[in-house]
Structures are given as structure tokens and as C-alpha cells.
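Trainee: Sequence below, structure please.
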Amino acid sequence: MHRNHGKTIAQCLADRTEYATNPDKTNDGEFISSYACDLATVDAEFLLSKREYNAITGRTQKSDVIAYQLRQSFKPGEITPEEANKIGYELALRFTKQRHSFIVATHVDKHHIHNHIIFNSTSLDCTRKFRNFFGSSFAIRRLSDQICLEHGVSILENPSKAHKHYGKWLGDEKPLTQRDRLRQAIDAALAKKPVSFEAFLADMQAQGYVAKQGKYIAFRAAGNERFIRLRSLGETYSKEVIRKVIAGERRHEPQKKHAPTNRVATQERIDLLIDIQSKMLAGKGIGYERWAKKFNIKQMAQTLNFLTEHELLEYDQLAEKATEASARFRALSANMKAQQTRLQEISALRTHIFQYRKTREVYVAYRKSGYNKQFYAQHEAEIALHKAAKAAFDALSARKIPSLSALQTEFETLLAEKKQTYGEYVRARKEMQDILTAKANVDVILDKKTLPKEKEKER
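Mentor: Residues are numbered from 1 along each chain as shown. Model prediction:
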């Protein structure tokens with residue numbers, strides 16, 4: 001993240017952190033976490049560390065880099081904002097090796113949940129700067145993939161090697177490319193069932209495309225300079241395939257704008273049975289009915305295999321197991337939330353103690369100056385941090401402020417416990433989901449209740 005022309009470092013830091021922590025994008029700040037910094041004063045803390053770096057090392061920063069940002073996106077419908085934030089926090093913690101303060105803001109305003117991770121370019125001890133290295137993006141991706149797999153989240157197995165600026169990547173909302181438009185024109189022409197290839201070319205011309213025939217057939221839209229070859233659009237748009245479609249020897253299969261990404265295959269799991277009757281009444285076609293019947297048969301078989309494997313062939317036993325699995329998952333979830341809350345409290349308190357000590361002399365001098373405005377302008381960041389730390393201590397009321405070493409020990413112990421708990425949490429969640437799904441399917445098969453409404457899923 002670079003310093004903008006015409007703006008101070010303080011203004012730039014404020015702009016960037018305010019965007020990341022935007023309440024409209026983070027559910028009023030619910031999905032934000034931080035390490036070694038306070039969300040209310042993160043920009044001031046980053047700025048102060050740069051001044052201390054200059055004072056300690058005597059070196060001035062030559063580049064205009066003020067901070068670094070990672071963006072981490074997840075498959076829609078696969079993860080909750082809380083889980084995404086935890087994964088982003090772990091990624092930042094491991095990548096920075098706990099040497100740099102950072103914030104993790106999980107945005108939920110798009111169709112895909114994604115993290116904005118901003119970490120300070122200056123280390124916590126203010127003696128060195130983060131040095132970006134060749135291939136850092138690949139190192140981050142590998143680390144992110146590893147953490148996602150540890151948490152049971154799918155990843156891109158073979159990501160595109162093309163690099164794009166984030167502002168140009170808009171997910172499903174990105175504008176159609178020239179190739180997308182050409183494919184749509186071909187789809188429209190073939191939908192009219194042309195009697196010959198020449199009739200197909202005539203229809204394309206009517207849509208505003210100029211054809212160039214030779215060894216390869218290519219089209220150019222009106223206003224464009226370059227021709228696009230059919231073979232570059234994919235196998236289903238080649239000249240040979242189009243001729244077979246026109247001759248009635250093959251069915252045309254339009255390519256979707258966004259082809260499914262090649263993700264790591266997840267283990268087959270039980271899905272809820274589909275209420276075929278309600279789906280048909282909603283306007284689904286005969287093809288869907290055939291697929292749904294096959295799907296339901298497969299899920300019934302998988303449900304039976306699951307029940308046999310886990311020796312849950314009596315309904316009362318299955319119901320009891322479902323209750324136990326749900327209770328265990330809720331208990332682990334509550335335990336993890338308590339651990340995470342305490343970790344955040346320790347992190348914030350440790351930061352305030354550290355900042356209070358560093359800024360105490362400046363604030364005393366400010367007070368002795370009679371709260372001079374000029375003095376305040378020169379030391380605004382230090383004074384803001386001192387006030388924030390004082391407010392945090394006041395909130396503790398009569399509680400004794402622990403030492404930094406005691407907090408560090410408690411933090412490390414809690415973090416180790418949380419990692420262990422998370423493994424149990426993931427296993428308990430999967431067990432609960434499988435058992436509840438199996439029980440729901442059994443209820444349908446035994447006609448104990450009506451079919452559940454199938455939730456819309458992205459596959």
C-alpha cells in the first residue's frame with residue numbers, strides 16, 4: 001500500500017484502514033480482529049512505529065510503502081464470516097511470524113466473503129521493515145491453501161497464472177469480454193437452428209460480426225480491430241463442432257460466463273433429499289425430475305451406508321446420537337468463542353500497556369505545556385495512543401493490570417488450547433452435519449415429517 005500524492009502518511013493510513021473496517025461491509029464491525037494494535041487507533045499506531053523506527057535506527061524510509069495488504073476470498077456459501085475471519089487471522093499471524101501488528105476485516109457485502117488483511121510495514125520492536133521478496137504472492141497462496149485445507153475449506157487447485165489488479169476483478173459482476181460476447185452471438189445464431197454453415201455466417205453478420213475465412217475461421221465485432229478465432233473460444237465453439245451442431249449430429253452446449261473453478265475435490269457427503277413434487281410445481285422441467293430421482297436414490301444409499309457404518313440402525317438411537325452431536329458441537333463452539341474473546345482482550349490490553357509506557361513521557365510533557373495546541377499537532381499520534389490506553393485501563397475499574405510477561409504466557413497457553421479445540425470443533429461439526437442430515441433423510445423415508453425445503457446451493 002503506497003502513499004498517495006498530495007496526502008500525508010497519516011491521511012493515507014486513515015483512508016486505507018477506514019475502508020477495510022467500513023461498518024457497512026463488516027456487519028457494523030462484528031467481523032474485525034486485530035493483533036498487537038487497537039482498532040480505534042490502528043492508523044496512529046502504524047504512524048508512530050514509523051517515527052520510532054527513524055529515531056531508533058537513524059534510517060529514513062526511501063520507498064513510499066506505508067503498509068501491506070493481503071486479500072483472501074472464499075467460495076460463496078461455503079464458510080461463515082466468523083470462520084473466514086479466524087482463517088485470515090491465522091494467515092496473518094503465521095505469515096508475519098507475529099513480528100508485525102495487523103488487522104483482519106472480513107467483508108460480507110459481496111456474493112463472496114473475503115478478508116482484507118492490513119499489516120504494518122514496521123516491525124513491533126520498530127527496528128526493521130518488512131522486506132517484500134520475489135515470489136511472495138506464491139508463498140502467501142501456499143500458506144493460505146495449507147491453512148484452508150486444515151480448516152476444511154476448498155481451494156483453487158490450479159489457479160490462473162494471469163495477474164490482475166484487484167479493481168479489475170469484480171467476481172460475477174465483471175463485464176463481458178469480447179470472447180464472451182462472441183460466444184453469446186454464436187449461441188444465439190445456433191439457437192435459430194440454421195440450415196447450413198453459410199446461413200450461420202449470415203446470421204453472425206446480421207449481429208454485426210465480420211467473418212474471415214481461411215485455414216481458421218475468425219470473427220471481428222464492429223468497432224474492434226482484431227479478429228478472434230473460433231478455436232480460441234473453447235472446444236464447443238470450434239468450426240468442426242459448429243458444423244456437427246448444424247447437421248444435427250451434436251447438441252450445442254453454451255459455455256457459461258464463469259466456468260466452475262478447479263477446486264480440490266471434497267469428500268462425498270450426504271445431502272438432503274429433494275422435494276421433487278414441490279420443485280416440479282415451481283416450474284422445473286422433466287430433465288430436472290430425472291436428475292432429482294437419481295440424486296435421491298444415491299443419497300438414500302449413502303444414508304444407509306452411513307447408518308450401517310456407525311451402527312445407528314434403530315431410530316431412537318439415531319435421534320439420541322443427533323442430540324448428543326448437536327450438544328457437543330454447541331459446547332465446543334461456545335468454548336472457542338470464549339477463547340477467541342479472551343485472546344482479543346489480551347492482545348488489546350498488551351498493546352495498551354506497551355503504548356502507554358512508550359507515550360507516557362510525551363503526554364506528561366503535553367500536560368506540562370498547558371495542553372499547548374502546537375505541541376499537540378507535533379505529537380498527535382502519541383497523545384491519541386496514550387488517551388486510548390488510559391481509557392482502556394479505566395474500563396478495568398478495580399482490576400489490577402497484569403504484567404506483559406504474564407499476559408504473554410496466558411496468550412500463548414490460550415492459543416495452543418484454541419488450536420487443539422479447533423481440531424475437535426471441525427470434527428464435531430462434520431459429525432453433527434452428517435448425523436442431522438442422515439436423520440432428516442430417515443424422517444422423510446419413514447414419513448415422519450414432510451420433506452425439508454432445499455436451500456439454494458452453489459455447486
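Trainee: Quick one: end-to-end distance for stretch 124-134.
Mentor: In stretch 124-134, first residue to last residue: 23 Å (C-alpha to C-alpha, to the nearest Å).
Trainee: Check which residues of that stretch are buried.
Mentor: Neighbour counts over stretch 124-134 (16 or more other C-beta atoms under 10 Å) mark Leu124, Cys126, Arg128, Lys129, Phe130 as buried. The way it works is simple: take the backbone N, C-alpha and C, and place the C-beta from them, glycine included.
Trainee: Kindly report the same for stretch 405-412.
Mentor: Result for stretch 405-412 [16+ other C-beta under 10 Å]: buried residues Leu407, Phe411.
Trainee: mind giving me the domain split of the chain?
Mentor: Structurally, the chain divides into domains by automatic domain parsing as follows: 9-171, 178-247, 270-459.
Trainee: most packed of those domains?
Mentor: Mean neighbour counts were compared across the domains of the chain using mean count of other C-beta atoms under 10 Å; the top stretch is domain 9-171, at a mean of 17.
Trainee: what is the mean pLDDT for that domain?
Mentor: What domain 9-171 shows for mean pLDDT is 85.
Trainee: can you give me the helices for the stretch 301-450 of the chain?
Mentor: Using DSSP state H, counting those that start in this stretch, the helices of the stretch 301-450 of the chain run over residues 315-368, 373-378, 380-395, 404-445.
Trainee: Rebuild those helices as JSON lines, extending it with distance to Glu235 and mean pLDDT.
Mentor: Shown next, in JSON lines, are those (distance: least, C-beta to C-beta, whole Å; pLDDT from 0 to 100):
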{"stretch": "helix 315-368", "distance to Glu235": "45", "mean pLDDT": "85"}
{"stretch": "helix 373-378", "distance to Glu235": "66", "mean pLDDT": "88"}
{"stretch": "helix 380-395", "distance to Glu235": "59", "mean pLDDT": "81"}
{"stretch": "helix 404-445", "distance to Glu235": "37", "mean pLDDT": "83"}
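Trainee: In TSV, list the domains of the chain along with distance to Arg3.
Mentor: Listed next are the domains of the chain as TSV, based on distance: least, C-beta to C-beta, whole Å:
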stretch	distance to Arg3
domain 9-171	4
domain 178-247	37
domain 270-459	16
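Trainee: right, and these - which one's nearest Gln255?
Mentor: Among those, domain 178-247 comes nearest to Gln255, with 5.6 Å by C-beta to C-beta.
Trainee: From one end of that closest one to the other, what's the distance?
Mentor: Terminal-residue distance, domain 178-247 (C-alpha to C-alpha): 27 Å.
Trainee: quick one on the thing from earlier: which among the helices of the stretch 301-450 of the chain is found nearest to Tyr237?
Mentor: Nearest of the helices of the stretch 301-450 of the chain to Tyr237, taken as C-beta to C-beta: helix 404-445 at 39.9 Å.
Trainee: So which elements touch the closest one?
Mentor: Judged by 3 or more C-beta pairs under 8 Å, 6 or more residues apart in numbering; DSSP states H and E, the packing partners of helix 404-445 are helix 286-309, helix 315-368.
Trainee: okay, the angle between it and helix 315-368?
Mentor: On the basis of axes from the mean of the first three to the mean of the last three C-alpha atoms, to 10 degrees, helix 404-445 is oriented at 150 degrees to helix 315-368.
Trainee: What strand or helix carries Val210?
Mentor: strand 209-212 (DSSP states H and E).
Trainee: still on that earlier bit, of the helices and strands packed on helix 404-445, which approaches Ile103 most closely?
Mentor: helix 315-368 (11.1 Å).
Trainee: Could you check the pLDDT of the closest residue to Gly208 other than its chain neighbours?
Mentor: Ranked by C-beta to C-beta, 6 or more residues apart in numbering and with sequence neighbours excluded, the top spatial neighbour of Gly208 is Ala222, at 4.5 Å. Note on Ala222: pLDDT of 80.
Trainee: and Ala222, what does it touch?
Mentor: Residues in contact with Ala222 (C-beta atoms under 8 Å, 6 or more residues apart in numbering) are Gly208, Tyr209, Val210.
Trainee: what separates the last one from Leu176, distance-wise?
Mentor: With the distance defined as C-beta to C-beta, to the nearest Å, Val210 ends up 19 Å from Leu176.
Trainee: before we move on, what about the second one?
Mentor: Per C-beta to C-beta, Tyr209 is found 15 Å from Leu176.
Trainee: cool, and Arg328?
Mentor: Applying C-beta to C-beta to Arg328 and Leu176 gives a distance of 49 Å.
Trainee: Let me see the contact set for the residue lying closest to Gly234 once chain neighbours are set aside.
Mentor: In space, and not counting its chain neighbours, Gly234 is closest to Gln255: 5.6 Å by C-beta to C-beta, 6+ apart. Going by C-beta under 8 Å, 6+ apart, Gln255 touches Arg183, Leu233, Gly234, Thr236, Tyr237.
Trainee: and what of Ser73?
Mentor: His112, Ile113, His114, Asn115.
Trainee: Quickly list what it is bridged to.
Mentor: For Ser73, the beta-bridge partners under DSSP bridges are His114.
Trainee: Turn the contacts of Gln255 into CSV, including secondary structure.
Mentor: Output for these, formatted as CSV (DSSP: H, G, I helix; E, B strand; the rest coil):
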residue, secondary structure
Arg183, helix
Leu233, helix
Gly234, coil
Thr236, helix
Tyr237, helix
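Trainee: Could you identify the most distant pair in those residues?
Mentor: Farthest apart among the contacts of Gln255 - using C-beta to C-beta - are Arg183 and Thr236, which lie 9.0 Å from each other.
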